[in-house]
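A.B. asks: Turn this into a structure:
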Amino acid sequence: MNLAVVTEQETDGRWIAEIPQIPGALAYGADRREAISRVEALALRILAERLEHAEMSQELEEPAWKSEIRDRIRAIDEGRMTGVAYEDVMRAAENRLVP
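C.D. replies: I've put the predicted structure just below:
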């Protein structure tokens with residue numbers, strides 16, 4: 001399964017980005033890049049929340065997965081994560097985290 005970011009420009013000029021495979025992963029930005037960056041960060045937060053509340057498969061209940069996702073989210077928040085690093089996390093997690 002591939003997770004795609006879908007973008008669209010609103011009539012008021014704002015951009016909206018969504019990852020349809022992850023319910024709730026939708027964000028606005030002043031430009032396309034900002035919208036994509038925001039939805040990527042939100043998607044990781046949603047996946048981390050699922051892990052936190054045991055909404056993932058047993059295979060992902062391992063502390064290594066939880067700490068890796070949390071570390072990646074912290075890196076986004078601190079501005080240390082690039083789009084490439086985000087894509088690596090999503091590729092590693094997409095088959096296990098998305099129902």
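
A.B. asks: Verify the assumption that Leu44 is located in a helix.
C.D. replies: Yes: assessed by DSSP: H, G, I helix; E, B strand; the rest coil, Leu44 belongs to a helix.

A.B. asks: That one against Ala75, yeah?
C.D. replies: No: the pair Leu44 / Ala75 is not scored as a contact, 9.6 Å apart, by Cβ atoms under 8 Å. Where C-beta positions appear, they are placed from N, C-alpha and C, glycine not excepted.

A.B. asks: quick one: which of these two has more around it?
C.D. replies: Ranked by neighbour count (other Cβ atoms under 10 Å), Leu44 and Ala75 place Leu44 first, with 25 against 16.

A.B. asks: Quick one: list the elements packing against the host helix or strand of Leu51.
C.D. replies: Assigned by DSSP states H and E, Leu51 belongs to helix 32-52. For helix 32-52, the packing partners by 3 or more Cβ pairs under 8 Å, 6 or more residues apart in numbering; DSSP states H and E come out as strand 6-9, strand 15-18, strand 26-29, helix 63-77, helix 83-97.

A.B. asks: Least reliable of these by average pLDDT, please.
C.D. replies: Of all the helices and strands packed on helix 32-52, mean pLDDT reaches its minimum on helix 83-97 (a mean of 58).

A.B. asks: roughly how far apart are the closest residue in space to Ala30 that isn't next to it in sequence and Arg72?
C.D. replies: Take Ala30 and drop its neighbours on the chain: the residue closest to it by Cβ to Cβ, 6 or more residues apart in numbering is Arg14, 6.7 Å away. From Arg14 over to Arg72 the distance is 27 Å, taken as Cβ to Cβ, to the nearest Å.

A.B. asks: Now do the buried residues in the helix holding Leu51.
C.D. replies: Using 16 or more other Cβ atoms under 10 Å as the burial criterion, the residues of helix 32-52 that qualify are 35-48, 50-51.
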